[in-house]
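Chemist: Please work out how this folds:
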Amino acid sequence: MRRLLLALGLLGSALAAPDPSAASTGLGYLLEHQTPLGGWPKNTDFSLPPARPPRDSDATIDNGATTTPLRRLAAALAAEPRPAPEHLAAFTRGVSYLLAAQYPGGGWPQFYPLRGGYHDHVTFNDDAMVNVLALLRDVADAAPPFTFVDPELRARAAAAVERGVDCILRAQVRRDGVLTVWCAQHDPRTLAPAWARNFEPPSLSGHESVGIVRFLMSVKNPSPEVVAAIEGAVAWFRKTRIDGLRHERFTNEHGESDRRVVPAAGTPPLWARFHDLETDRPLFVGRDRVIRHALAEIERERRVGYAYYTTAPAALLERDYPRWRARLAAPSR
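Modeler: Sure thing, here's the model as predicted:
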């Protein structure tokens with residue numbers, strides 16, 4: 001039973017929650033992990049109390065941090081007959097943190113306050129910015145469970161979403177005037193594709209771009225610019241699909257887990273995580289920051305510890321894009 005409660009995030013709240021209303025909603029120690037500015041750290045077990053007071057330098061949008069706690073908090077608020085003032089204050093502070101973190105150009109850094117280096121880049125990696133935009137749009141629309149949000153905060157969220165969409169459109173890479181897709185991270189001033197970690201080069205992303213396109217497809221009454229961005233990305237995905245290969249795990253000659261690509265007819269298409277900005281050729285980079293063109297040429301630790309191939313665009317092309325086109329063509333009601 002103890003393990004079950006821990007998994008559900010309920011044990012901490014049942015034993016020593018910061019207040020009775022937090023315990024009743026199953027928030028556990030979620031509020032105690034919120035930083036003074038309003039964000040949350042990543043990779044954190046909210047069923048346990050913080051080991052030290054949260055610091056603003058911990059706050060991030062990476063790995064679902066801040067957006068996931070805010071959705072959990074919103075669900076608790078919507079379920080309360082009379083929302084607890086401390087819960088409302090924590091939610092407002094969290095949304096205000098996201099609004100403060102947005103660059104004037106519309107993008108979001110991975111960490112705020114800014115840390116320097118790649119943490120300050122506009123971050124599409126692992127859907128970080130898309131998660132923020134999706135949450136703020138739900139806040140702006142008062143979509144359940146965000147029906148409790150006051151009009152002033154909703155208006156601020158709507159304006160931030162508008163600036164964020166504009167940033168996405170401006171960051172989309174054009175090559176010879178043709179729209180392609182996006183890099184995992186972009187320079188916050190120029191919006192040019194930028195290096196992140198040593199194994200994440202400036203490139204066209206076959207993975208992060210999927211989440212961006214899905215978000216754009218969810219825009220109501222899309223502008224011609226949004227439609228063009230989606231069509232350009234879809235054309236790029238179709239052009240860069242890799243057929244006849246399977247990305248698989250295997251045990252190497254030393255008895256170690258490893259990954260490789262092997263010829264395999266009839267398998268689902270693959271896309272590389274990184275494609276060359278000029279040629280679309282797949283790129284593979286290890287911790288030495290040296291660009292190579294074959295998965296086998298980088299170290300085993302990275303081959304098994306990072307996803308250099310993806311199948312995510314397949315569902316976008318086969319399912320999401322046709323549905324979006326059908327909605328676009330349908331007469332308005």
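Chemist: Wasn't residue 259 part of a strand?
Modeler: Yes - per DSSP: H, G, I helix; E, B strand; the rest coil, residue 259 lies within a strand segment.
Chemist: so who does it touch?
Modeler: The neighbourhood of residue 259, defined by C-beta atoms under 8 Å, 6 or more residues apart in numbering, consists of 247-250, 295, 303-304. Using the backbone N, CA and C atoms, a C-beta is placed for each residue, glycine as well.
Chemist: Relative to residue 100, which of the residues you listed is nearest.
Modeler: Compare each of these with residue 100 using C-beta to C-beta and the shortest gap goes to residue 304, at 38.3 Å.
Chemist: Name the residues of the strand or helix carrying that closest one that come out as buried.
Modeler: If you go by DSSP states H and E, residue 304 is part of helix 300-305. The neighbour-count criterion (16 or more other C-beta atoms under 10 Å) identifies 302-303 as the buried residues of helix 300-305.
Chemist: And the contacts of residue 259, which is closest to residue 89?
Modeler: Closest approach between the contacts of residue 259 and residue 89, by C-beta to C-beta: residue 304, at 44.2 Å.
Chemist: And that closest one, how far from residue 293?
Modeler: Taking C-beta to C-beta, to the nearest Å as the measure, residue 304 falls 19 Å from residue 293.
Chemist: Which residue, other than its chain neighbours, is closest to residue 110?
Modeler: residue 123 (4.2 Å; C-beta to C-beta, 6 or more residues apart in numbering).
Chemist: Count the residues that sit near the nearest residue to residue 242 once chain neighbours are set aside.
Modeler: With C-beta to C-beta, 6+ apart as the measure, residue 270 is the residue that lies nearest to residue 242, at 4.4 Å, once sequence neighbours are left out. Residue 270 is surrounded by 22 other residues when neighbours are defined as other C-beta atoms under 10 Å.
Chemist: Select the helix or strand of this protein having the lowest average pLDDT value.
Modeler: Counting by mean pLDDT, DSSP states H and E, the chain has its least confident helix or strand at helix 11-16, which shows a mean of 32.
Chemist: residue ranges of the strands in the stretch 201-333 of the chain, please?
Modeler: In order along the chain, the stretch 201-333 of the chain carries the following strands (DSSP state E, counting those that start in this stretch): 204-205, 245-251, 257-263, 271-272, 274-275, 284-285, 291-292, 309-310.
Chemist: Buried residues in the second one, which are they?
Modeler: Of the residues in strand 245-251, those with enough neighbours to count as buried (16+ other C-beta under 10 Å) are 245, 247.
Chemist: just checking, residue 138 is part of a helix?
Modeler: Yes - residue assignment for residue 138, taken from three-state DSSP, places it within a helix.
Chemist: Cross-check the contact I'm expecting between it and residue 146.
Modeler: Yes - using C-beta atoms under 8 Å as the test, residue 138 is close enough to residue 146 to be in contact (5.3 Å).
Chemist: okay, those two: which has more neighbours?
Modeler: With other C-beta under 10 Å as the criterion, residue 138 and residue 146 differ in neighbour count, and residue 146 comes out ahead with 25 against 19.
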